[in-house]
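[1] generate coordinates for the sequence data below:
(chains A and B)
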Amino acid sequence: MSIDRLVYGYLAKEENYPDGANIIKEGGTGNWVYIILKGQAEVKKNTSRGVVTIETLKQGEIFGEMLFLQAAKRTRSASIIAKGPVQLGVLDSQQLLDDYASVSPQLKSLINSLITKLEEATNKAVTMISESKK
Amino acid sequence: MVNNMNTKGKANPTVRLQYKKGDLIIKQGDYGISIYKIIRGKVIIFNESENKEIHLGTLGPGNLIGEMRFLSDSTEVCSLSARAVENSELEVWHPATLAKEYELMPPVLKYMINQTLKRLIRMNKIISKLSIGKEQKKEQIKHVEPVTSKRSYYRKLLDQDCFYRPCNSSTNISLSGKVKDLSLNGLGLVADMNRSVNISYKPGKKFHFEMTLPNGKELVFIAQIVSVNKEKYPGSLFLGMAFVEMTAAVKKKLGFYLMP
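    Here you go, the predicted structure:
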């Protein structure tokens, strides 16, 4: 399925960011979910040894979903920085929430478990990356 | 194990299983499709390679096991093992009904979850790659350090006269040579070629040695040829020799001399 068809009806708006723009700030709030329509963005996390780049997101990749999918989470777990000019689609939170509400508790806890594991793995990976740099 | 049907969630009937401390829940290499939710107890996740268990994580009440496998729609064997480390109670979800529900989820949500899964797999790969790197670094340190310390500590260069004779001959044959280096295991000897025409210098041959160290201590021992080098000292033979017989008292003297 193409991205256009996938997010059809979910796109609340489009946003454009210049190179180096801080799209999501680690520790910040907000539960927008984004999809990259054009360009690339880097996922960065702060550590005691400085900022670590975890990975580069490409066209078609979604970010911001961790905070959306996990109700217990309150703040953004990583920063997203534009790598070159980026065109983003902002997904309609209300519609996503309505969809998510129809998911059974079992499937929800499954998704939750996945998010928790991703968060733990990311933290571990970030620690290891920063240690390997010293 | 005690089965106990729980029909509270009508759509997804679950079964609760009791595991005793030490029981294996999932075995690496087995086929398994169930998802487990830990109700009570503690479970460790581990990887088995070369008969060693590599500990990957500890899970407790509320945590799930097997959901990644479910979401990745994998038909491969289990990549990890899980074992109860306390008496534990697990709820087993049969994935059939869940799979149906997952299929019917709005595509955007499915896409989102799929991306989360891929990201988690990527992170786990980074972790194992960096863990292996760490292990290798440790190994390198393990292998390199003793060698360098051995060289600086155990092998001492010198230029000392010595007298030696083949072990199988009478005591009145005495040859002279130069000891070029000494270690706790052996010595480097430049053999006297003028008087030793009839002497066989082949690896395995044993010689009786007498020498005086630069600090005045006398050493007597038997050493065996390990290597023969003609190039090192033109016109002479350079013999790499290993000690085969040495008294504790001589070893002590040698040890003192070799201390940096």
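[2] and the longest helix anywhere in chain A, what does it pack against?
    In chain A, taking DSSP state H as the definition, the longest helix is helix A:105-132. The helices and strands touching helix A:105-132, judged by 3 or more CB pairs under 8 Å, 6 or more residues apart in numbering or on different chains; DSSP states H and E, are strand A:33-47, strand A:50-57, helix A:65-69, strand B:64-65, helix B:67-71, helix B:95-104, helix B:107-154. (Each C-beta comes from the backbone N, C-alpha and C, glycine too.)
[3] and chain B, which residues reach chain A?
    B:9, B:11-12, B:35, B:37, B:63-64, B:67-68, B:70-71, B:93, B:98, B:101-102, B:105-109, B:111-113, B:115-117, B:119-120, B:122-124, B:126-127, B:130-131, B:133-134 (CB under 8 Å from any CB of the partner chain).
[4] convert the strand or helix carrying B:Val92 to CSV, retaining C-alpha atoms only.
    Element membership for B:Val92, per DSSP states H and E: strand B:88-93. What follows is strand B:88-93, C-alpha atoms only, in CSV (Å, rounded to 0.1, in the frame of the first residue of the first chain):
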residue,chain,number,x,y,z
SER,B,88,5.2,-18.4,38.5
GLU,B,89,1.7,-18.2,37.0
LEU,B,90,1.4,-17.4,33.3
GLU,B,91,-1.7,-16.7,31.3
VAL,B,92,-1.4,-18.2,27.8
TRP,B,93,-3.1,-16.5,24.9
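[5] how far off centre is it?
    Taking CA atoms, centre = their mean, to the nearest Å, the mean C-alpha location of strand B:88-93 is offset from the chain mean by 37 Å.
[6] average model confidence for that strand?
    What strand B:88-93 shows for mean pLDDT is 93.
[7] residues in contact with it?
    A:106, B:6, B:12, B:14-19, B:25, B:34-43, B:65 (CB atoms under 8 Å, 6 or more residues apart in numbering or on different chains).
[8] any of the residues of chain B next to chain A buried? List them.
    Among those, the ones that count as buried by 16 or more other CB atoms under 10 Å in any protein chain shown are B:12, B:35, B:37, B:63-64, B:67-68, B:70-71, B:93, B:98, B:101-102, B:105-106, B:108-109, B:111-113, B:115-117, B:119-120, B:122-124, B:126-127, B:130.
[9] what pairs with the residue nearest to the spatial centre of chain A across the strands?
    The geometric centre of chain A, computed from its C-alpha atoms, lies nearest to A:Phe63 (CA atoms, centre = their mean), at 2.4 Å. Per DSSP bridges, the residues bridged to A:Phe63 are A:Tyr34.
[10] surely it touches A:Leu57?
    Yes. Using CB atoms under 8 Å, A:Phe63 is in contact with A:Leu57, at 5.9 Å.
[11] residues that sit against both of the two, list them.
    Shared contacts of A:Phe63 and A:Leu57 (CB under 8 Å, 6+ apart): A:36, A:41, A:43, A:80.
[12] need the contact list for the residue lying closest to the third one once chain neighbours are set aside.
    What that stands for is A:Val43. Leaving aside its chain neighbours, A:Val43 sits nearest to A:Ile54 (4.4 Å; criterion: CB to CB, 6 or more residues apart in numbering or on different chains). The contact partners of A:Ile54, taken as CB under 8 Å, 6+ apart, are A:43-45, A:78, A:122, A:125-126, A:129, B:123.
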